[in-house]
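*Asks:* Okay, sequence plus prediction incoming.
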Amino acid sequence: MKAPVRVAVTGAAGQIGYSLLFRIASGDMLGKDQPVILQLLEITPALEALKGVVMELEDCAFPLVAGITTSDKAEEAFKDADIALLVGARPRGPGMERKDLLEANAAIFSAQGKALNDAASRDVKVLVVGNPANTNSLIAQRNAPDLDPRNFTAMTRLDHNRAIAQLANKTGAHNTEIKNMIIWGNHSATQYPDISKTTVKGEAAPGLVERDWYENDFIPTVQQRGAAIIKARGASSAASAAGSAIDHIRDWVLGTPEGEWTSMAVPSDGSYGIEKGIIYSFPCVCKNGDYEIIQDLEIDEFSREKMKATEQELSEERQAVEHLLP
Ligand SMILES: NC(=O)c1ccc[n+]([C@@H]2O[C@H](COP(=O)([O-])OP(=O)(O)OC[C@H]3O[C@@H](n4cnc5c(N)ncnc54)[C@H](O)[C@@H]3O)[C@@H](O)[C@H]2O)c1
Ligand SMILES: O=C(O)C[C@H](O)C(=O)O
């Protein structure tokens, strides 16, 4: 039996939490042979609701759950955490952009960055889901100077999966027959879903769809999918967001499939001329518990412009929270 992995989840009584926890507990994230200890963080008024979620987790009698703790103190929830899923934050409502949440949510991520710095495992892998995810991840990272800055990531896997689903619908292929999608940049309406390197059943995707569909249907649909779900559901995506968080961590820990990449928002190292330090989504491969940005992909003028626009937005977000970046 493997030693249990400590997984901290914030916002554990929220809508994403309600889907995410059960999938982690069932082994979807770290494997069916990997026991987990769930360390759940909520704000004090939500602890009662969290108690109910824990009762349900207990009632599933999951073989892989080696322990569950709850707390309203970040240092307690992050104690020795190997993985931290930072979900707890305010979601947007209709008519809002994700960056409208920056002010409301930024304080959460500076406090949680400090708590991770003080309490988590020195190798903790951090995924920020709470919006605006990329810049919240930057805030947490900069408040955790003793941790590896590369281990602070944000989620664009949902956008990646959405893009695959759109292209699968259009081409009549199955999701699994679509490889090497790319989401560049911010988890926002400026993100750039790029199919220029994507294959569908081994064939280059750009040759299979009309350019007009790609530019005027596919790209805006993926960019606006979060808003479309809020409009239809009256609440932001939850089960699909949880599923993508599972995919992001699973690939990071257990590796991406041979010959394929995924999209992860990670600290830019200057690859593709993107400003160093911002948390920007790149095509990444994962191996041995680490990720690497795919290098040397050819970038045409159309792509360059779109990559720059989303970089620009992230630079502006960074400037807006400068006072929270020690
Ligand atoms: N990156 C993505 O792709 C993606 C996708 C979907 C949602 N989101 C974002 O995820 C976040 C959570 O969404 P949700 O639908 O679960 O929201 P929700 O309101 O249902 O749940 C959020 C939970 O976080 C808790 N919380 C608030 N402040 C906290 C703190 N300081 N510490 C711990 N917990 C805290 C709340 O009490 C609540 O239970 C939102 O910001 C949403 O916009 C991101
Ligand atoms: O769109 C939102 O505000 C929620 C989430 O970021 C999403 O993409 O579904």
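*Replies:* Ah, there it is. Residues are numbered from 1 along each chain as shown. Ligands and ions are numbered 1, 2, ... in the order given.

*Asks:* how deep is Glu322 tucked in, by neighbour count?
*Replies:* Glu322 has 7 neighbours, counted by other Cβ atoms under 10 Å. The C-beta positions use only the backbone N, C-alpha and C, and glycine is treated the same way.

*Asks:* got the residues of the protein near ligand 1?
*Replies:* Residues of the chain lying close to ligand 1 by Cβ under 6 Å from any ligand atom are 10-11, 13-17, 41-43, 46, 87-92, 108, 129-131, 133, 155, 158, 187, 236-238, 241.

*Asks:* Close to ligand 2 as well: tell me which of the residues you listed qualify.
*Replies:* Within the residues of the chain next to ligand 1, those near ligand 2 by Cβ under 6 Å from any ligand atom are Pro91, Arg92, Asn131, Leu158, Ser236, Ser237, Ala241.

*Asks:* Compare the residues you listed and tell me which is most surrounded.
*Replies:* Asn131 (27 neighbours).

*Asks:* Where strands are concerned, which of the residues of the chain next to ligand 1 count?
*Replies:* Thr10, Leu41 (DSSP state E).

*Asks:* Please list only the buried members of the residues of the chain next to ligand 1.
*Replies:* Buried members of those, counted by 16 or more other Cβ atoms under 10 Å: 10-11, 13-17, 41-42, 46, 87-89, 91-92, 108, 129-131, 133, 155, 158, 187, 236-238, 241.

*Asks:* Now, these that are in helices?
*Replies:* Using DSSP state H, the members of these that fall within helices are Gln15, Ile16, Gly17, Ile108, Ala133, Leu158, Ala241.

*Asks:* of all these, which comes closest to Phe218?
*Replies:* Leu158 (16.0 Å; Cβ to Cβ).

*Asks:* what's the spacing between the closest one and Val222?
*Replies:* 10 Å (Cβ to Cβ, to the nearest Å).

*Asks:* from the ones in helices among the buried ones among the residues of the chain next to ligand 1, which two are the most distant?
*Replies:* The farthest-apart pair in these, when distances are taken by Cβ to Cβ, is Ile108 and Leu158, at 20.1 Å.

*Asks:* Asp146 is in contact with Lys114, correct?
*Replies:* No. Using Cβ atoms under 8 Å, Lys114 is not in contact with Asp146; the gap is 10.4 Å.

*Asks:* Those two - which one has more neighbours?
*Replies:* Lys114 (18 against 9).

*Asks:* For the more buried one, which non-adjacent residue is spatially closest?
*Replies:* Asn143 (4.9 Å; Cβ to Cβ, 6 or more residues apart in numbering).

*Asks:* show me the contacts for the one you found.
*Replies:* Under the criterion of Cβ atoms under 8 Å, 6 or more residues apart in numbering, the neighbours of Asn143 are Phe109, Ser110, Ala111, Gln112, Gly113, Lys114, Asn117, Leu324, Leu325, Pro326.

*Asks:* Hmm, the fifth one is touching Pro145, no?
*Replies:* No. Look at Gly113 against Pro145 with Cβ under 8 Å: they stay out of range, at 9.1 Å.

*Asks:* Of these two, which one has the most company?
*Replies:* Between Gly113 and Pro145, Gly113 has the larger neighbour count (other Cβ under 10 Å), namely 29 against 11.

*Asks:* List the residues that contact the more buried one.
*Replies:* Ile139, Ala140, Gln141, Arg142, Asn143, Ala144.

*Asks:* Which residue ranges of the stretch 151-300 of the chain form helices?
*Replies:* Using DSSP state H, counting those that start in this stretch, the helices of the stretch 151-300 of the chain run over 157-171, 211-213, 219-223, 225-233, 239-254.

*Asks:* and the third one, what does it pack onto?
*Replies:* So the one you mean is helix 219-223. Contacts defined by 3 or more Cβ pairs under 8 Å, 6 or more residues apart in numbering; DSSP states H and E place helix 219-223 against helix 157-171, strand 192-194.

*Asks:* Averaged pLDDT, it. What do you get?
*Replies:* Mean pLDDT, computed over helix 219-223, is 98.

*Asks:* how about the residue in the stretch 1-150 of the chain positioned nearest to ligand 2, what does it touch?
*Replies:* Of all residues in the stretch 1-150 of the chain, Arg92 sits closest to ligand 2, at 4.3 Å by Cβ to the nearest ligand atom. Residues near Arg92 by Cβ under 8 Å, 6+ apart: Arg98, Asp100, Leu101, Asn131, Ile230, Ser236.

*Asks:* Tell me which residue of the chain lies closest to ligand 2.
*Replies:* Gly226 (2.2 Å).

*Asks:* Please work out how many residues are found near that residue.
*Replies:* Gly226, neighbours per other Cβ under 10 Å, totals 23.

*Asks:* so who does it touch?
*Replies:* Arg98, Leu158, Ser236, Ser237.

*Asks:* of the ones next to ligand 2 among the residues of the chain next to ligand 1, closest to Arg211?
*Replies:* Among these, and counting by Cβ to Cβ, the member closest to Arg211 is Leu158, at 25.5 Å.
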